[in-house]
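> prediction below, plus the sequence it came from.
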Amino acid sequence: MLVKTYGAAVTGIDADTITIEVNLSQGIKFFLVGLPDNAVKESQQRIQSALKESKFRWPGKQVVINMAPADIRKEGSSYDLPLAIGILAASNQISNEKLNKYIMMGELSLDGSLQSVKGVLPIAVKAKEEGFEGVIMPIQNAKEAAVVEGLNVYGVENISEVAAFLNDEVELKPIHIDTQKEFFQQQRYNDLDFVDVKGQESVKRALEIAAAGGHNLIMIGPPGAGKSMIAKRLPSILPPLTLDEALETTKIHSVAGKIQNNTSLITHRPFRSPHHTISDVALVGGGSFPQPGEISLAHHGVLFLDELPEFKRTVLEVMRQPLEDRVISISRARFSIDYPASFMLVSSMNPCPCGYFNHPDKKCVCSPGIVQRYLSKISGPLLDRIDLQIEVVPVPFKELSNAKSSEKSSEIRERVIKARKIQEIRYKNEEHIHCNAQMTSKLQHKYAKPDENAMTILKNAMEKLDLSARAYDRILKVARTIADLDEQEQIQTHHMAEAVNYRNLDKAGWLG
């Protein structure tokens, strides 16, 4: 007897429907075809044990299973459930009347219980697109899939529940999530607050501008000046995710298996801080079976690289293209995958190996050649893509011991949100453009027009600092954001002067 069940294969951050055909005939062998990987091939032993423990029997016939289309590689143990249900239906142990209505995914334990799987949100989206009535999956993943409206999502604990449901012996209640309500209920503020930061007003101002316009930022200064402390507080002033951004971010984390069980939506902006020993593949994504990297996991959020020169040069250089295009393309011989990568790059570094080059009090013990070699680990093309370059100086004791409270993150965040709303209105008719950092050259000519005096300042800076055309674009974008924070339509002289001032590493005395 031939029956069909349905599963899904996740490619990139999207899914494809997989038809699982099970045929029983004379014999005793087991054949599994359709480009399965080792984890799928090992499913026979898990299924046999699960069926036995659940009081079902393994058919005493030859079992041939085809997973179509055969040119898509099937990976992981999440196909256990549709394979097992197909075998039960083919051997007439359960009814096959409702099999064409559902996509089923889940990993089987030896006792028949179901373990959570990755990528259920893209699978649920695909099920709705293909017109399936619902999806059946482990109870741990049900909330995540229930974010998709207009689809019945059934969370089950074991294979016996699935069999009873398909036989109409029990009625499972679909899990419903009020996406809007869930989104606003789960939004939370960061525990870290700028109120804890003493002094460093210029640095906090730079971070406010970066948050308001979505700009990349690098901080350079001696150890103990507060670079990491300030960077970790950046999420507390970022504007909240929109619902669309939350769904897209959840999709990426779902594919990567980074979503906790019984969680529906990611409602706060990601903050990723990988160690400097990270490989280039782990950063941008890829591998034999491609997975999203750190830059995609930071999509709509922040990627913080502490001690930037300690990262391998090859790792840093692979970020050039995604910083410009806001997408990373993973190409292999048989396929190509695009992962979104619209993130804010925030980084910090010491000015030299000993950390005290240009320090106001302590003497640097590094020779000029060593300092130059250390700073040259960060290439000019990469620095060009960083909008704000800010020097962090040590906080004097008088400010550290001052009992006066600093400005709260919530107060800074209000100004950031106000500036982002201005940009939202400005770019409402532009596809994939949400903030000033994402402006194209065409939009720049339209919206980032400085007045005559401001243009003179920019011209002088370009000539004196010998800046590139990309640096010119970055300065204009930052100036546009500063004007937005001032609620000014045109970029004025003081906006441009402040934007130029955030090109510290282009000045003589740093990179030569």
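Sure, I can see it.
> which stretch of helix or strand covers residue 46?
Secondary structure from DSSP states H and E places residue 46 in helix 43-53.
> with residue 206 instead?
Assigned by DSSP H and E, residue 206 falls in helix 201-213.
> so which other helices or strands are in contact with that helix?
For helix 201-213, the elements it packs on are strand 217-220, helix 227-231, strand 344-349, strand 388-391, helix 409-426, helix 469-485, judged by 3 or more Cβ pairs under 8 Å, 6 or more residues apart in numbering; DSSP states H and E. Glycine gets a C-beta too; all of them are placed from N, C-alpha and C.
> what's the longest strand in the protein?
Looking across the chain with DSSP state E, the single longest strand is strand 14-25.
> and the strands in the stretch 51-200 of the chain, which stretches?
62-68, 102-104, 107-108, 114-115, 134-138, 152-156 (DSSP state E, counting those that start in this stretch).
> so which of those strands is nearest residue 201?
strand 152-156 (49.7 Å; Cβ to Cβ).
> quick one: that closest one to chain centroid distance?
With Cα atoms, centre = their mean, to the nearest Å as the basis, strand 152-156 stands 26 Å off its chain's centre.
> which strands or helices does that strand pack on?
Helices and strands touching strand 152-156, by 3+ Cβ pairs under 8 Å, 6+ apart, are strand 134-138, helix 142-145, helix 159-166.
> which residues touch the residue nearest to residue 56 when sequence neighbours are not counted?
Nearest residue to residue 56, sequence neighbours excluded (Cβ to Cβ, 6 or more residues apart in numbering): residue 93, at 5.6 Å. Contact partners of residue 93, counting by Cβ atoms under 8 Å, 6 or more residues apart in numbering, are 56-57, 163.
> are any of those buried, and which?
56, 163 (16 or more other Cβ atoms under 10 Å).
> what comes up buried for stretch 253-265?
Buried residues in stretch 253-265 (16+ other Cβ under 10 Å): 253-256, 259, 263-265.
> how far does that stretch stretch from start to finish?
End-to-end distance for stretch 253-265, by Cα to Cα, to the nearest Å: 10 Å.
> and if you look at stretch 427-442?
12 Å.
> could you do stretch 70-77 as well?
For stretch 70-77, the end-to-end distance is 17 Å (Cα to Cα).
> kindly report the same for stretch 28-45.
Stretch 28-45 end-to-end distance (Cα to Cα) = 15 Å.
> what sits up against it?
60-77, 79-80, 83, 108, 289.
> which among those residues end up buried?
Neighbour counting by 16+ other Cβ under 10 Å classes 61, 63-67, 72-77, 79-80, 83, 108 among the contacts of stretch 28-45 as buried.
> buried residues in stretch 11-20, which are they?
So, applying 16+ other Cβ under 10 Å, buried residues of stretch 11-20: 11-15, 17-18, 20.
> ok, now how distant is the residue nearest the centre of the chain from residue 79?
By Cα atoms, centre = their mean, the chain has its centre lying nearest to residue 297, at 2.4 Å. Going from residue 297 to residue 79 by Cβ to Cβ, to the nearest Å gives 25 Å.
> residues in contact with stretch 474-489?
208-209, 212-213, 215, 384-388, 415, 418-419, 422-423, 436-437, 439, 444, 447-448, 450, 454, 458, 461, 467, 490-492, 495-496, 498-500, 502-503.
> count of neighbours near residue 360?
By the criterion of other Cβ atoms under 10 Å, residue 360 has 9 neighbours.
> which pLDDT does the model give it?
Residue 360 is assigned 79 on the pLDDT scale.
> now do the contacts for it.
If a contact means Cβ under 8 Å, 6+ apart, then residue 360 has 393-394 as its contacts.
> which of the three states applies to it?
coil (DSSP: H, G, I helix; E, B strand; the rest coil).
> quick one: the helices in the stretch 301-450 of the chain?
With DSSP state H, counting those that start in this stretch as the criterion, the stretch 301-450 of the chain has helices at 313-317, 320-325, 368-375, 380-384, 397-400, 409-426, 441-447.
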